[in-house]
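Colleague: from the sequence below, what's the structure:
(one chain, ligands or ions: 2)
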Amino acid sequence: MGMGELGTNVGSVLASVMVVWAIFKDHFPYRLSGHIEKYIQKLVRFVYPYIEITFHELAGERLKRSEAFSAIQNYLSTKATSKASRFKADVVKDIKSLVLTMDDHEEVPDEFNGVKVWWVLNKHENKSRSISYYPVSDEKRSFKLSFHKRHRELITGPYIEHVMSEGKAVSTENRQRKLYSNNPSKNWYGWKRTKWSHVFFEHPSTFDTLAMETKKKEEIKNDLKKFRKGKEYYTKIGKAWKRGYLLYGPPGTGKSSMIAAIANFLDYDVYDLELTTVMDNTELRNLLIETSSKSVIVIEDIDCSLDLTGQRLKKKEKDGDEEEKDPIKKKEKEESENKDSKVTLSGLLNFIDGLWSACGGERIIVFTTNHVDKLDPALIRRGRMDKHIEMSYCCFEAFRVLAKNYLDTDSHKLYVKIESLLGETNMTPADVADNLMPKSDEEGVETCLNNLIEALVDAKKEEARKKAEEEARLKAEREEKDKEESAEEAVKVDENSANSVVKENGFHK
Ligand SMILES: Nc1ncnc2c1ncn2[C@@H]1O[C@H](COP(=O)(O)OP(=O)(O)OP(=O)(O)O)[C@@H](O)[C@H]1O
Ligand SMILES: [Mg+2]
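Modeller: Ligands and ions are numbered 1, 2, ... in the order given. So this is what the prediction gives:
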């Protein structure tokens, strides 16, 4: 007999006893009835010595899915397979693995240090339909855990801890990683509320496919490994468990590829935060609070997405006057201003410093930019962005990685020439990769390498031409300036001599 049946039988007997007692209670003298009540309660505890704990699926003010519920569900999915008889199947990770979860009201027994416990998944209709901004299903689900009261301490302490940690481990194993982005969505009642939407994250970039110096790659990988294992360390030093990376370099040098490689290496989710669509600091905070731990939070092109320089303010001041007079233009202007993001640098800095992100931890924050020199020093000082990584033009070592990926070759007689050309020319890994790619099925390794050499030679010529052009322009500017200066000089000389004539004249008068 399972706990469920036992519970139901004993429960109905006890319910009858209580009903009978309630009817006859008033016929007993007060003191006697007090005694009898005490004995009945003792009897209840004796006949039904079980404790029940309920874990609801939705918890908290916002009725967010409770982490405990998910962990229990995952934990039981491993137990249910062997012990329960009715399952529900969920397919995760491209049908390769099947996760079985217990069916509603199915009872799953479990054992811990020789102590038996019973789990049941209960479902109730949600009768009180409250109005909420958050989607609430009409069903409330909860797990009920029953065990003998003798084992209260063992079960409420070590056993629950065991269930939570096992459950979380299962979920990371089975989890299909996600790429979240904050798309502004207008819902039916016209309120704009950005929230995260996600697709499955399946970017193929890894540290193996990433073209950069091996030494630099290893350094980053070691840094990430240290971070992943750093829970105790971060607790010890009293800092939120997070790490900031600043990736900078020209377009096409692999900043986005590096982010994907980091996420793949750590097996984390990615949150791609588009700051320009975030209305204000409050919304930023809400978005960030909703990110889960074990994630990479990415803000690309930070210099473009945040008004760090005050440029926008100046622009508004400049074209303000004429628009003020025209009511239609004024309204349009107000509307566009409302659309502007009001996220401030200090709002972002607060977040980075962990005021709002202290919940949970284990987050990597990555900023990317093409112009590191344009960033506010407050944003990139050490401690905020722990590691600055420069992604630069393709070096020979990086080329070798690309050649291995694209052409499956480790060496070739043309490598020597390519090495010297790469030393003299700046070409991004994106361009090198593009030139290496066979244009048709007939193109073999040698043709592809020759294509690259041709492109490098062209790039070198182009660079030389631009350099000559720039030099000529500077020379012309210098000459122009010299001319102006000597003209000014001539005017001054004229004026001086004129003055002295006046003085002389005056003196003579
Ligand atoms: N270091 C690299 N290693 C491997 N592939 C690279 C590298 N850099 C660029 N690529 C290739 O070039 C393409 C563009 O690179 P990516 O998007 O990572 O550049 P980015 O630095 O993020 O550029 P942007 O500044 O324009 O966002 C990638 O799809 C990738 O195939
Ligand atoms: Mg990019």
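Colleague: for ligand 2, what's the nearest residue on the stretch 301-450 of the chain?
Modeller: residue 368 (6.0 Å; C-beta to the ion). In short, each C-beta sits where N, CA and C put it, glycine included.
Colleague: contacts for the helix or strand hosting residue 35 next, please.
Modeller: For residue 35, the host element (DSSP states H and E) is helix 30-47. Outside helix 30-47, the residues that touch it by C-beta atoms under 8 Å, 6 or more residues apart in numbering are 10, 13, 14, 17, 18, 21, 25, 26, 28, 149.
Colleague: for the residue of the stretch 301-450 of the chain closest to ligand 2, name its beta-bridge partners.
Modeller: Under DSSP bridges, the beta-bridge partners of residue 368 are residue 247.
Colleague: pretty sure it contacts residue 256?
Modeller: Yes - here residue 368 reaches residue 256: they are 7.3 Å apart, a contact under C-beta atoms under 8 Å.
Colleague: okay, and the common contacts of those two?
Modeller: With C-beta under 8 Å, 6+ apart, residue 368 and residue 256 have common neighbours residue 300.
Colleague: got the domain boundaries for this structure?
Modeller: 49-174, 180-306+341-390, 412-490 (automatic domain parsing).
Colleague: ok, the shortest one near ligand 2 or not?
Modeller: No - using C-beta under 5 Å from the ion as the criterion, no contacts between domain 412-490 and ligand 2 are found, and the smallest distance is 9.7 Å.
Colleague: quick one, strands of the stretch 151-300 of the chain?
Modeller: For the stretch 151-300 of the chain, the strands defined by DSSP state E, counting those that start in this stretch occupy 178-183, 195-200, 242-248, 269-272, 295-299.
Colleague: contacting residues for the closest residue to ligand 1 within the stretch 151-300 of the chain?
Modeller: At 2.7 Å from ligand 1, residue 254 is the closest residue in the stretch 151-300 of the chain, using C-beta to the nearest ligand atom. Residue 254 makes contact with 210, 211, 212, 391, 429, 430 under the criterion C-beta under 8 Å, 6+ apart.
Colleague: for the helix or strand hosting residue 118, packing partners?
Modeller: Using DSSP H and E, residue 118 sits within strand 115-125. The contact analysis (3 or more C-beta pairs under 8 Å, 6 or more residues apart in numbering; DSSP states H and E) places strand 115-125 against helix 3-24, helix 67-83, strand 107-112, strand 139-148.
Colleague: rank those by mean pLDDT and give me the bottom one.
Modeller: When the helices and strands packed on strand 115-125 are ranked by mean pLDDT, helix 3-24 comes last with a mean of 66.
Colleague: circling back to that earlier point, count of residues packed around the residue of the stretch 301-450 of the chain closest to ligand 2?
Modeller: 21 (other C-beta atoms under 10 Å).
Colleague: where in the stretch 201-350 of the chain is pLDDT low?
Modeller: The stretch 201-350 of the chain contains residues with pLDDT under 70 at 307-341.
Colleague: who in it is up against ligand 1?
Modeller: Listed as neighbours of ligand 1 in the stretch 201-350 of the chain under the rule C-beta under 6 Å from any ligand atom: 209, 210, 211, 212, 251, 252, 253, 254, 255, 256, 257.
Colleague: show me what contacts the fifth one?
Modeller: With contacts taken as C-beta under 8 Å, 6+ apart, residue 251 has the following neighbours: 370, 428, 430.
Colleague: tell me the pLDDT of the first one.
Modeller: Meaning residue 370. So residue 370 comes in at 92 (pLDDT).
Colleague: for it, what are its contacts?
Modeller: 248, 249, 250, 251, 301, 303.
Colleague: just the buried ones from those, in ChimeraX syntax?
Modeller: A single ChimeraX command selects the buried members of the contacts of residue 370 (16 or more other C-beta atoms under 10 Å):
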select :248,249,301,303
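Colleague: hey, which helix is longest across this protein?
Modeller: Under DSSP state H, the helix in the chain containing the largest number of residues is helix 445-508.
Colleague: kindly report the residues of this structure close to ligand 2.
Modeller: Residues of the chain lying near ligand 2 (C-beta under 5 Å from the ion): 255, 256.
Colleague: report the closest residue of the chain relative to ligand 2.
Modeller: For the chain, C-beta to the ion, closest residue to ligand 2: residue 256, 3.3 Å.
Colleague: compute the distance between that residue and residue 205, please.
Modeller: 8 Å (C-beta to C-beta, to the nearest Å).
Colleague: go on, residue 195?
Modeller: For residue 195 relative to residue 205 (C-beta to C-beta), the value is 27 Å.
Colleague: more neighbours, those two?
Modeller: residue 205 (18 against 15).
Colleague: what sits against that one?
Modeller: 257, 258, 260, 261, 264.
Colleague: chain neighbours aside, what residue packs nearest to the last one?
Modeller: Counting by C-beta to C-beta, 6 or more residues apart in numbering, residue 264 lies nearest to residue 206, which is 5.2 Å off, once chain neighbours are set aside.
Colleague: touching, the one you found and residue 261? I think so.
Modeller: Yes - here residue 206 reaches residue 261: they are 5.3 Å apart, a contact under C-beta under 8 Å.
Colleague: tell me the confidence at residue 357?
Modeller: 55.
Colleague: go on, residue 160?
Modeller: Taking residue 160 on its own, its pLDDT is 92.
Colleague: count the neighbours of it for me.
Modeller: If we define neighbours as other C-beta under 10 Å, then residue 160 has 18 of them.
Colleague: now do the contacts for it.
Modeller: Counted by C-beta under 8 Å, 6+ apart, residue 160 has zero contacts.
Colleague: what of the one 3 residues further on?
Modeller: The contact partners of residue 163, by C-beta under 8 Å, 6+ apart, come to 71, 72, 75.
Colleague: next, count neighbours for the residue nearest to the second one when sequence neighbours are not counted.
Modeller: I take that to be residue 72. The shortest distance from residue 72 to any non-neighbouring residue, by C-beta to C-beta, 6+ apart, is to residue 143 (5.0 Å). Residues within reach of residue 143, counting by other C-beta under 10 Å, total 22.
Colleague: same question for residue 123.
Modeller: Residue 123, neighbours per other C-beta under 10 Å, totals 11.
Colleague: confirm that residue 53 sits in a helix.
Modeller: No - counting by DSSP: H, G, I helix; E, B strand; the rest coil, one finds residue 53 to be strand, located in no helix.
Colleague: check contacts around the residue nearest to it when sequence neighbours are not counted.
Modeller: Among residues not flanking residue 53 along the chain, residue 145 sits closest, at 4.7 Å (C-beta to C-beta, 6+ apart). Taking C-beta under 8 Å, 6+ apart, we find residue 145 in contact with 52, 53, 54, 55, 117, 118, 119, 155.
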